[in-house]
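Enquirer: What follows is a predicted structure for the sequence shown.
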Amino acid sequence: MGLNVKATRARCSTVFFLSQSRSVYPNPSDKSEGSAPPTVIKIKRRHIMITRADSLSNGSSCRRIFLTLLSFTSTMPASKFIKLNTGAEMPTLGLGTWRSKPGQVEHAVEFALRNGYRNIDTATAYGNESEVGKGIKNSGVPREEIFLTTKLNNPDMGKPEEALEYSLKTLGTDYLDLWLMHWPAPMTPEGGADKSIDWLDTWHKMEALYKAHPEKIKAIGVSNFSIPYLNRLLDNSSVVPATNQIELHPSCPQQSLVDFCASKGIAVTGYSPLGSEGAPLLKNEVVKKMAQKYGVGEGTVLISMQANREGVNVLPKSVTNERILANAKIIDMEPADITELNEIAKTQPFRACHPSWAGWGNLGFTESV
Ligand SMILES: NC(=O)c1ccc[n+]([C@@H]2O[C@H](COP(=O)([O-])OP(=O)(O)OC[C@H]3O[C@@H](n4cnc5c(N)ncnc54)[C@H](OP(=O)(O)O)[C@@H]3O)[C@@H](O)[C@H]2O)c1
């Protein structure tokens, strides 16, 4: 007997209706027994709220209910949107376009948009903004229904205004939903570190452009920022970045960075969810086990586990029709399974994009991955 738990799922919360029995309320004089309406306990991700605390006044009963709840493995509802600190909603699923070649990416963007994607991620560094823009136009989806992100290229960090105009023109759009500093690592056009530029000065220029041109830039953010770099930015700036786009997958979970961003009101976008080129994580045994458990493909597990993290959205990349469709399936997962997946990092850590590539050292990333 004990608790009779029926779960119904809302989009972002799970509501448990509890009806009590004698074993939960052992005191027969407890008036709440049998006559009170069901107590409603709302679980919003990690927060538990009891709305009829009076009917749970018996200490041992409370303890039993909480112990039962703690041992109850609820699923984590994946969100459809994450809310940015600007108030904008950014779709949880986006299409990545790194290494999506001209000739392929235009079709991929059009196909994704025709099939429900509403979030497209590109960058000047990818050399495909023109094709991404054509794909958007060919899709017929109105621009205002699409969340479009591009990124300031490392060699352009001395001239962000010019770079912004280039991106707008090349994408064929009047505005960006999100403009990111791609790396806190100014570089020369030849590809070395450009030590004459401080990324913080570049951020201040991005802030000024954002404030002066709300019609061109809806939000600004960063990418590949570690906690020390974010601290420096937050201590010396007036705009809190809307997002930090970072590598996230079971071999690189970066939980402390995700938690830090949440504490500062910065949403997190996870890149390389499949492990990047060739999707190596699809072959991982733990990922395969989870795919079997949920009856879905391995890609769905890897993409969904990010979508189930609070304040996190995710960018799988593909130029293949059937994969673009498959990657759009997102499921709710049990927290314990996400924890088990993230433990892969303990034995098989890796980064697809190591911060040291830009010639500025580890950019404040101190974890092994
Ligand atoms: N801010 C940054 O510094 C940064 C860095 C890296 C990535 N990103 C962004 O994040 C996006 C995603 O990351 P990513 O491109 O590194 O890697 P990813 O999305 O983890 O993996 C892409 C690879 O997986 C393959 N693939 C996709 N779906 C698949 C499926 N269902 N089954 C089997 N294979 C599948 C793709 O092949 P096909 O395309 O051939 O189908 C491609 O080879 C990027 O495209 C980019 O937009 C940002």
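Expert: Structure received.

Enquirer: Could I get the contacting residues of the nearest residue to residue 277 once chain neighbours are set aside?
Expert: Excluding its sequence neighbours, the residue lying closest to residue 277 (Cβ to Cβ, 6 or more residues apart in numbering) is residue 99, at 6.4 Å. (Each C-beta comes from the backbone N, C-alpha and C, glycine too.) When contacts are counted by Cβ atoms under 8 Å, 6 or more residues apart in numbering, residue 99 is found next to 126, 277, 317.

Enquirer: Same question for residue 174.
Expert: By Cβ under 8 Å, 6+ apart, the residues touching residue 174 are 143, 168, 215-216.

Enquirer: sec struct for it, please.
Expert: coil (DSSP: H, G, I helix; E, B strand; the rest coil).

Enquirer: what's the distance between it and the ligand?
Expert: Distance, residue 174 to the ligand, using Cβ to the nearest ligand atom, to the nearest Å: 22 Å.

Enquirer: quick one, phi/psi of that residue?
Expert: phi -80, psi -20 (degrees, to the nearest 10).

Enquirer: quick one on the thing from earlier: tell me how far the residue nearest to residue 277 lies from residue 126.
Expert: Applying Cβ to Cβ, to the nearest Å, the value for residue 99 to residue 126 is 8 Å.

Enquirer: Also residue 286?
Expert: 31 Å.

Enquirer: All the strands of the stretch 1-150 of the chain, residue numbers only.
Expert: Secondary structure of the stretch 1-150 of the chain (DSSP state E, counting those that start in this stretch): strands located at 4-9, 14-19, 39-44, 47-50, 81-83, 89-91, 119-121, 147-152.

Enquirer: In the chain, which residue sits nearest the ligand?
Expert: Nearest residue of the chain to the ligand (Cβ to the nearest ligand atom) works out as residue 96 at 2.3 Å.

Enquirer: Just among the contacts of residue 174, which is most surrounded?
Expert: residue 168 (20 neighbours; other Cβ atoms under 10 Å).

Enquirer: Quick check: which helices or strands does the host helix or strand of residue 201 pack against?
Expert: Assigned by DSSP states H and E, residue 201 belongs to helix 199-212. Judged by 3 or more Cβ pairs under 8 Å, 6 or more residues apart in numbering; DSSP states H and E, helix 199-212 is in contact with helix 160-171, strand 178-181, strand 220-223, helix 227-235.

Enquirer: just how off-centre is the longest one within its chain?
Expert: Relative to its parent chain, helix 160-171 has a centroid offset of 26 Å by Cα atoms, centre = their mean, to the nearest Å.

Enquirer: likewise the third one?
Expert: Average the C-alpha atoms of strand 220-223, do the same for its chain, and the two points are 13 Å apart (Cα atoms, centre = their mean).

Enquirer: roughly how far apart are the nearest residue to residue 98 once chain neighbours are set aside and residue 97?
Expert: In space, and not counting its chain neighbours, residue 98 is closest to residue 126: 5.4 Å by Cβ to Cβ, 6+ apart. Distance, residue 126 to residue 97, using Cβ to Cβ: 6 Å.

Enquirer: still on that earlier bit, quick one: which of residue 286 and residue 126 has more around it?
Expert: Using other Cβ under 10 Å, the more surrounded residue of residue 286 and residue 126 is residue 126, with 22 against 18.

Enquirer: tell me the pLDDT at that one?
Expert: pLDDT, residue 126: 97.

Enquirer: give me every residue that touches it.
Expert: Residue 126 makes contact with 97-100 under the criterion Cβ under 8 Å, 6+ apart.

Enquirer: Which ChimeraX command selects the buried ones in these?
Expert: To isolate the buried ones among these in ChimeraX, judged by 16 or more other Cβ atoms under 10 Å, type:
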select :97,98,100
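
Enquirer: Any chance of the contacts of residue 126 in JSON lines with distance to residue 341 and pLDDT as columns?
Expert: JSON lines is the format used below for those (distance: Cβ to Cβ, whole Å; pLDDT from 0 to 100):
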{"residue": "97", "distance to residue 341": "25", "pLDDT": "98"}
{"residue": "98", "distance to residue 341": "23", "pLDDT": "97"}
{"residue": "99", "distance to residue 341": "25", "pLDDT": "95"}
{"residue": "100", "distance to residue 341": "26", "pLDDT": "91"}
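
Enquirer: And the nearest residue to residue 138 once chain neighbours are set aside, what's its pLDDT?
Expert: In space, and not counting its chain neighbours, residue 138 is closest to residue 110: 4.4 Å by Cβ to Cβ, 6+ apart. Looking at residue 110, its pLDDT stands at 98.
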